[in-house]
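Undergrad: Return atomic coordinates for the entry below.
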Amino acid sequence: MFRLKVNNIDIEIDEGLTVLQACEKAGVEIPRFCYHEKLSIAGNCRMCLVEMEKSPKPIASCAMPAIDGMVIKTNTPLVEKARKGVMEFLLANHPLDCPVCDQGGECDLQDQSMFYGVDKSRYKENKRAVSEKNMGPLIKTQMTRCIHCTRCIRFATEIAGVPELGAIGRGEDMQITTYLEKSMQSELSANVIDLCPVGALTSKPYVFEARPWELKKTETIDVMDAVGSNIRVDTYGWEVKRILPRINEDINEEWISDKTRYACDGLLKQRLDTPYIKYAGKFEKASWKEVFNIINVKIKSTNSSKICGFTGDLTNMETLYMFKEFFNKTLNSKNIEFRNNHSYINPENRENYIFNSSINGIEESDFILLIGSNPRYEATILNARIRKSYLKNRMKIFSLNDIGDLTYPYENLDGRTNTIKAIVENQHDLSKIIKSSKKPLIIIGQSALSSKSGKYIFESIKSFLKQNEKISMDWSSLNIMSEHSSTVGSLDLGVFNTIDGSNETLKNLEDHKYEIVYLLGQDSLKFKKENEFIIYQGSHGDKGAEIADIILPGSSYTEQDGYYTNLEGKLQKAYKATYPPGEAKEDWQILNELADTINHRKLFKDKDELLSSMLNYLKLFKENTSNKKSSNVNDLNFISEDIEINNTDYYYSNVIARSSKTMLNCRNEKLNFLKTGTES
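TA: You can find the predicted model right below:
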């Protein structure tokens, strides 16, 4: 511990901190433009100048290590004069276009010029002008405003792992650019907009849409993947204008993926706002009473064993629980399922389907093995954490498959199940590495679990880790990579019908054993429809609505309160930011009213009763599984095969993304780059 003085206040700090961090610990705010907690130190802007005893001139506090006995002053006339000089220098070439700048109202340069700016400048030269750069469909550039803080360059190189941004030229000819005038090939690229302290990099889809003080801000949870990033939804009227990250060091730190940030324009497009009934192959508008009566008649004339239901990838837990109660109590059926493929699950213990090491725990790992997973596309924020861990620990990373650029180096194996067999039977070099590692991470993806060998891969890997004491109370190396925000919640709530891990409901559907199929936001189900009567409940006119006979308009994730459990098992609440369009209703409400039509009795009198019942169920479930011992699985059938990575179309992975014009532009740009190697 070091002892030093900041403005005559004695403080104790840990070794390794900078003067700027020491000042913040003393409660003193230091202005800065280039310094950022998550990035390396550059010392470019000099705005953080402070006075240090025995130093002939002010020092840059962000780049100066704090040492024992230092005496720092941050509020002297010398410091104020130095900061005003720096501000005058920064504004020498900055255009006076605040009224038309999208950064206005949340601009660091504006805020700090209020304190350190002067009303005139000593510079008489003409301001320089810099041409605009092409950074793709997400980032709008106005490089004349750039103050060369290099935050964007450091983010791209260090966090995103795509060293495509850089500086060219020297002195007043210096420019920040993508070297070949192309968009950044990263799913995290738009975070540079948040990092930019001026209006040089702004959001292209959001340009001239609204001012910050006009927006209603709602703190909520992202559902574009299973990570559960903490976000803020900004609405103007009842329209979602933009989505920004919230800081949560355990999950997304302060980053979000481009899909999380920009798919929100899909919330307005292709929306279902009234019930529909299909007559002679064409949809016609109907009333709620009419569609409920038709469903009632159809259900009462059908045996309960002939009715099944599938839930979607964006469905919140209240709706999942209501759906299960609706099928169990109202329809007397257990034919419900959240999976749209034949992936293997073992719901016996909660540790069998969550990311046990936790997202934060990735930074403690000393070895990583990816089995049938591409974290860059399946969980972008988690992939960034793996990169951060690699840079910090320089540990070895292996992948069963060659899955392209992950932004960090890895060794790929042959992609065959024979390799898994060799590892678990101690006949492979990786067996020794896993055993000797203190905190290894084994990440099993859905591509592996969906293969014919899904059961063998999971159970044999788990057995191998248990035998070698890599699954304990302190650390569990077994990690499942879920792809969807509703996956873990569905497993916690028992929204599945399985025999030995298989998908019985889907198997029976493919054999056409059902007469009524209820799709709750499920748009990824692949089966050939014959005579099934399909009820679709959802927010968008997508694949599920296309094959439906009756459409019930539901709500999106921003239009209803709802809990989600992320891939590491954390329960988080998403809050309502806006309202569903037209006659659309909240999903739980539709099911409750439908139950009332069928049985003349609602399942729950209100949302509070539903929530209370669901939370009690979860509490009992967690208590039961925590005391449960895993059963030994013997006689596993080994199948020699190649594991293929089912790369989902990243920018088209769900109904909201498929309805988004911005995601379409990103997808086209990506496809064009892969096709020609250049950007359009």
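
Undergrad: alpha carbons only for contacts and neighbour counts from here, please
TA: Will do.

Undergrad: any idea of the pLDDT on the nearest residue to Lys334 once chain neighbours are set aside?
TA: Excluding its sequence neighbours, the residue lying closest to Lys334 (Cα to Cα, 6 or more residues apart in numbering) is Asn328, at 5.9 Å. In this prediction, Asn328 carries a pLDDT score of 93.

Undergrad: ok, now the one 5 residues further on?
TA: Each residue has a pLDDT score; the one for Ser333 is 92.

Undergrad: and it, what is it in contact with?
TA: By Cα atoms under 8 Å, 6 or more residues apart in numbering, the contact list for Ser333 reads 304-305, 307-308, 327.

Undergrad: cool, and Val207?
TA: Val207 sits next to Asp102 when contact means Cα under 8 Å, 6+ apart.

Undergrad: And the one 5 residues further on, by the same measure?
TA: When the contact criterion is Cα under 8 Å, 6+ apart, the partners of Pro212 are 105-106.

Undergrad: And the helices in the stretch 151-300 of the chain, which stretches?
TA: Assigned by DSSP state H, counting those that start in this stretch, the stretch 151-300 of the chain shows helices spanning 151-154, 191-195, 258-262, 288-300.

Undergrad: which residues sit against the last one?
TA: With Cα under 8 Å, 6+ apart as the contact definition, helix 288-300 has outside contacts at 275-277, 331, 516, 550, 594, 597-598.

Undergrad: Which of those residues lies at the shortest distance from Arg416?
TA: Of all the contacts of helix 288-300, Ile516 has the smallest distance to Arg416: 39.5 Å, by Cα to Cα.

Undergrad: what's the neighbour count on that closest one?
TA: The local packing of Ile516 (other Cα atoms under 10 Å) involves 23 other residues.

Undergrad: out of the contacts of Ser333, which one sits closest to Gln270?
TA: Lowest distance from Gln270 to those (Cα to Cα) belongs to Cys308, with 26.4 Å.

Undergrad: Work out the sheet partners of the helix or strand containing that closest one and label each with its direction, please.
TA: Per DSSP states H and E, Cys308 falls inside strand 307-311. Strands that pair with strand 307-311, judged by DSSP bridges, come out as strand 336-337 (parallel), strand 516-520 (parallel).

Undergrad: wait, which of those strands is closest to Gln427?
TA: Here strand 336-337 is closest among these (Cα to Cα), at 38.1 Å.

Undergrad: Please list the residues outside the closest one that contact it.
TA: By Cα under 8 Å, 6+ apart, the surrounding residues in contact with strand 336-337 are 308-311, 324, 327, 495-497, 503, 505-506.

Undergrad: Return the alpha-carbon coordinates of the longest helix along the chain using PDB.
TA: When the chain is parsed with DSSP state H, its longest helix is helix 607-626. Taking C-alpha atoms only, helix 607-626 is exported to PDB below (Å, rounded to 0.1, in the frame of the first residue of the first chain):
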ATOM      1  CA  LYS A 607     -49.300 -10.600 -13.300                       C
ATOM      2  CA  ASP A 608     -48.200 -10.500  -9.600                       C
ATOM      3  CA  GLU A 609     -49.800 -13.900  -8.900                       C
ATOM      4  CA  LEU A 610     -48.100 -15.400 -12.000                       C
ATOM      5  CA  LEU A 611     -44.700 -13.900 -11.000                       C
ATOM      6  CA  SER A 612     -45.100 -15.200  -7.400                       C
ATOM      7  CA  SER A 613     -46.000 -18.700  -8.500                       C
ATOM      8  CA  MET A 614     -43.100 -18.800 -11.000                       C
ATOM      9  CA  LEU A 615     -40.500 -17.600  -8.500                       C
ATOM     10  CA  ASN A 616     -41.700 -20.200  -6.000                       C
ATOM     11  CA  TYR A 617     -41.400 -22.900  -8.600                       C
ATOM     12  CA  LEU A 618     -37.800 -21.700  -9.400                       C
ATOM     13  CA  LYS A 619     -36.900 -21.700  -5.800                       C
ATOM     14  CA  LEU A 620     -38.100 -25.300  -5.200                       C
ATOM     15  CA  PHE A 621     -36.400 -26.400  -8.500                       C
ATOM     16  CA  LYS A 622     -33.000 -25.000  -7.500                       C
ATOM     17  CA  GLU A 623     -33.300 -26.500  -4.000                       C
ATOM     18  CA  ASN A 624     -34.100 -29.900  -5.400                       C
ATOM     19  CA  THR A 625     -31.400 -29.900  -8.100                       C
ATOM     20  CA  SER A 626     -28.700 -28.600  -5.600                       C
END
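
Undergrad: need the next SSE after that helix, C-terminal direction.
TA: Tracing the chain past helix 607-626, the next element assigned as helix or strand by DSSP H and E is helix 655-658.

Undergrad: Mean confidence (pLDDT) on that next one, please.
TA: Helix 655-658 comes out with an average pLDDT of 94.

Undergrad: now it: how far from the chain's centre is it?
TA: 15 Å (Cα atoms, centre = their mean, to the nearest Å).

Undergrad: Show me which residues of it are buried.
TA: Buried residues in helix 655-658, counted by 16 or more other Cα atoms under 10 Å: 655-658.

Undergrad: Give me the pLDDT for the nearest residue to Gly161 once chain neighbours are set aside.
TA: Leaving aside its sequence neighbours, Gly161 sits nearest to Thr407 (Cα to Cα, 6+ apart; 4.9 Å). pLDDT, Thr407: 92.

Undergrad: how close does Thr407 sit to Val19?
TA: Noted for Thr407: a distance of 32 Å to Val19, by Cα to Cα, to the nearest Å.

Undergrad: neighbour-wise, which of those two wins?
TA: Shown here are Thr407 and Val19; by other Cα under 10 Å, Val19 has more neighbours (25 against 19).

Undergrad: surely the more buried one meets Cys62?
TA: Yes: Val19 is within contact range of Cys62, at 6.4 Å (criterion: Cα atoms under 8 Å).

Undergrad: Tell me who's in contact with Ser477.
TA: 356-357, 439-442, 465, 470-471.

Undergrad: go on, Gly544?
TA: Gly544 makes contact with 519, 521-525, 536, according to Cα under 8 Å, 6+ apart.
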